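In: coords please:
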Amino acid sequence: MERLEKVRAQIDAISVLRAVKRLLGLTYKELSAVLGLPESVLSRYYTGDMLPSVATAGEIIETLFKEYPLDKVLTKVIRVYETYVDLTALNSPDLWALYSIYIAKRYPSGVTKVLTAAVDGIPLAVAVAQRLDAPLVVAKQYKEPNVKNLEVSYIKGNRVVSLYVPQGLLGKGDRVLIIDDVVRTGKTIKALAELASLAGSDVVAAAALLAFRGGVEKFEFPLDIAYYV
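Out: Residues are numbered from 1 along each chain as shown. Have a look, this model is predicted:
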């Protein structure tokens, strides 16, 4: 394992520890019981005063994701009402960090571009792109001036939505991971996949934090949904 990969694993462990502790309101005592590590040591990991060994870092990540899977975390932080879903928690940097590490574990290599649509999915996609060390491409609802754009249009509700990506940002042979925050029908993901196809790119998968049950389209590539409401 390269030095950078080792450091990244250590930092990932601290990020997961912090995110789980803050999002779920866990105490060091509760975490100590789960991880089998002293509370004082976990406190020093949390503050960054001490880094876990690479082996311990791996164990922390595996244990916390097993004990507190992402869907369980989202169940705790997202409020679902009869006619309304409060998605305020999706704005949490802790959740972005946790999700980016979750995605990195599922797609450890082979992704060359991360693709999302403006604007809601951008923070999550930035976190994923940074963790995967892959360029981020944002499809916008307006054309970039003075450049040729790839274009796809689709029906959303009672209006036509067009998405544009400047030519050259996606290319032949790119392996694209599509990221969205919330999937209601899957039409946006389908449009993003069409943009990738126009550029000659291959879609590895699409992933989102949350989707509403029923009505989500089927795709030729894997669709990873962390939590359904």
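In: Hmm, V182 and A117 touching each other?
Out: No. Checked against C-beta atoms under 8 Å, the pair A117 and V182 is beyond contact range at 11.3 Å. Where C-beta positions appear, they are placed from N, C-alpha and C, glycine not excepted.
In: Name the residues of the lengthiest helix in the chain that are buried.
Out: When the chain is parsed with DSSP state H, its longest helix is helix 3-24. Across helix 3-24, burial judged by 16 or more other C-beta atoms under 10 Å covers 8-21, 23.
In: how much space between the residue of the chain positioned farthest from its centre and Q167?
Out: The C-alpha centroid of the chain is most remote from N146, which lies 31.9 Å away (C-alpha atoms, centre = their mean). Distance from N146 to Q167, counting by C-beta to C-beta, to the nearest Å: 12 Å.
In: picking up where we left off before, now, which of the buried residues of helix 3-24 sits nearest T88?
Out: Ranked by distance to T88 (C-beta to C-beta), these are led by L23 at 12.6 Å.
In: was I right about that closest one contacting Y99?
Out: No. Contact criterion C-beta under 8 Å: L23 and Y99 do not qualify, at 11.1 Å.
In: the strands in the protein, which residues?
Out: Ranges of strands in the chain, per DSSP state E, are 79-80, 85-86, 113-117, 136-139, 149-156, 159-166, 175-183, 202-211, 223-228.
In: what's the longest one packed up against?
Out: With contacts defined as 3 or more C-beta pairs under 8 Å, 6 or more residues apart in numbering; DSSP states H and E, strand 202-211 has these neighbours: helix 93-106, strand 175-183, helix 187-198, strand 223-228.
In: any idea of the mean pLDDT in stretch 117-131?
Out: Averaging pLDDT along stretch 117-131 yields 95.
In: With stretch 86-93 instead?
Out: 90.
In: Could you list the residues in contact with it?
Out: Outside stretch 86-93, the residues that touch it by C-beta atoms under 8 Å, 6 or more residues apart in numbering are 23, 74, 77-80, 95, 123-124, 181-182, 209-210.
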